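Student: I'll drop the sequence and a predicted model, then ask my questions.
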Amino acid sequence: MVQIKLTNTKTRKKEVFTPLDPENVRMYVCGPTVYDRAHLGNARPVVVFDVLYRLLRHVYGADHVTYVRNFTDVDDKINARAAESGRPIGDITAETTQWFLDDMGTLGALEPDHMPRATQYIPQMVAMIETLIADGHAYAAEGHVLFSVDSYKAYGKLSGRSVDDMIAGARVEVAPYKKNPMDFVLWKPSSDDLPGWDSPWGRGRPGWHIECSAMAKELLGDRFDIHAGGNDLMFPHHENEIAQSCCANHTDEMAQVWLHNEMLQVEGKKMSKSLGNFFTVRDLLDQGVPGEVIRFVFLGTHYRKPMDWTEKKRQEAEATLRKWYRQAADALDNIEPYGPLLEALGDDLNTAGAIAELHQLSHADNSPYLRSSLRLLGLMENGIPAWAKHEDFDLSAFERMLFEARQKALESKDFSDVDRIKSALIDAGVEIRMSKSGVDLITASNFDPSKLEALK
Ligand code: AMP
Ligand code: ZN
């Protein structure tokens, strides 16, 4: 069995993953707030944890993994969107939810086993809040219910920060009804024009964090294996989920392993709606960028590193996939994925390492393994897509020519032929990637095939 190691935020270490119950490996990923199209950054955790889901299914069996990702369909941003557009909240959330599923589907993301909507779990949230009050972990004040941070000694442990640091770093809302400025909202009152549910504390709506605690408990149990999301959720969201769940369920942990993806950036800053520096997945799809190309670009960077979307990466990803898809098109899809590729994924989801293995398979013209390995990564699942069939200049003869010339030159120490081929290729607008196992040629935007005649 492939060993899986994951970097656990809680321990700050890469650890061997051992599920609580290998018959039912359980994972929860925080999902989107549904009021607008997903921006490209929102797609990163979806793709990253889809790869993990596929790996877990491969290792433990598809029927032995339960993946939950929620939709936050009650939130002040949604209320604001409804107020400014004059549209009913339910219409906005239903439409946005479907957009999200469609867009993520084009990126090859499998749908999780459960996709709970927060508004369907209000009674479970109310019950959890009642338990927290009864046990002295929460208090009601002026129609609000607040979690008392002082009642939970381990508060701050996940992100490894002291409470003072957290206060300094976060915009902590000071309010007269709070005993400690760090106390966070479990429930808040709703005026008549806002969504609200009857509760022991009057008509109101939940705070953000409680939904994940209630839905995870209902669908995965008091303790489960993996909890994941973007690293912007580490504090306060995940810290607060842990406090709520551990106190209400009387456990010492919520999830064994906490995983956080780094941010997709634009010029060094997190891509986010609030900064306005975003474009949506749909924008890219509408420009004709295939979803699989977006997925492949994401896989090129390890999930714990920040990454940028660049036009150059898009071009290279498209050229590479086009080549591999053609190579693998006729291969039967009936073998296991390539062992070294599985090992790379097992090593804390080293997707860049997995791609390096695919390059090797391509150079060795090992189309059966190429096909099965692409599939494990969620690529080429439905055969060869139309965009990859487009006539594109076939550079494989020149790849072989350059590779052979280099092999010869390594023996003769005479590189003049290699240099001649390289400069002709560069002159024709071809980018050259050489590795020990082979040569990859990629057309750049100034590609001019007529100039390749010189090499024939
Ligand atoms: P939100 O709808 O803002 O709660 O975000 C949904 C998910 O997208 C969360 O897991 C966030 O951590 C993640 N996310 C938001 N912005 C980015 C970004 N720029 N890069 C990567 N992940 C992000
Ligand atoms: Zn959450």
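Tutor: Now that the structure is in, tell me what you want to look at. Ligands and ions are numbered 1, 2, ... in the order given.
Student: Distance of residue 453 relative to ligand 2?
Tutor: Distance, residue 453 to ligand 2, by C-beta to the ion, to the nearest Å: 59 Å. For every residue, glycine as well, the C-beta is placed using N, CA and C.
Student: how far away is that residue from ligand 1?
Tutor: Plainly put, residue 453 is 45 Å away from ligand 1 if you go by C-beta to the nearest ligand atom, to the nearest Å.
Student: Kindly report the residues of the stretch 1-150 of the chain close to ligand 2.
Tutor: residue 30 (C-beta under 5 Å from the ion).
Student: What residue in the stretch 1-150 of the chain comes nearest to ligand 1?
Tutor: residue 41 (2.5 Å; C-beta to the nearest ligand atom).
Student: Up against ligand 1, what does this protein have?
Tutor: Counting by C-beta under 6 Å from any ligand atom, the positions of the chain adjacent to ligand 1 are 30, 32-33, 41-42, 44-45, 229-230, 232-233, 261, 263-264, 270-272.
Student: Of the residues you listed, keep whichever come out buried.
Tutor: Among those, the ones that count as buried by 16 or more other C-beta atoms under 10 Å are 30, 32-33, 41-42, 44-45, 229-230, 233, 261, 263-264, 270-272.
Student: Can you pick out the ones from these that are in strands?
Tutor: Members of these lying in strands (criterion: DSSP state E): 229-230, 261, 264, 270.
Student: Do a quick rundown of the helices in the stretch 301-450 of the chain.
Tutor: Assigned helices in the stretch 301-450 of the chain, in chain order: 311-328, 339-346, 351-363, 367-376, 386-389, 396-412, 416-427 (criterion: DSSP state H, counting those that start in this stretch).
Student: Please apply the same query to the stretch 1-150 of the chain.
Tutor: Under DSSP H, counting those that start in this stretch, the stretch 1-150 of the chain gives helices at 40-60, 76-85, 89-106, 122-134.
Student: okay, those helices in JSON lines with mean pLDDT next?
Tutor: Converted to JSON lines, those look like this (pLDDT from 0 to 100):
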{"stretch": "helix 40-60", "mean pLDDT": "98"}
{"stretch": "helix 76-85", "mean pLDDT": "95"}
{"stretch": "helix 89-106", "mean pLDDT": "98"}
{"stretch": "helix 122-134", "mean pLDDT": "98"}
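Student: Let's have those in JSON lines, adding distance to residue 329.
Tutor: Supplementary listing: these in JSON lines, determined by distance: least, C-beta to C-beta, whole Å:
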{"stretch": "helix 40-60", "distance to residue 329": "21"}
{"stretch": "helix 76-85", "distance to residue 329": "44"}
{"stretch": "helix 89-106", "distance to residue 329": "21"}
{"stretch": "helix 122-134", "distance to residue 329": "48"}
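Student: any idea which of those is most buried?
Tutor: Ranked by mean neighbour count under mean count of other C-beta atoms under 10 Å, these are led by helix 40-60, which reaches a mean of 22.
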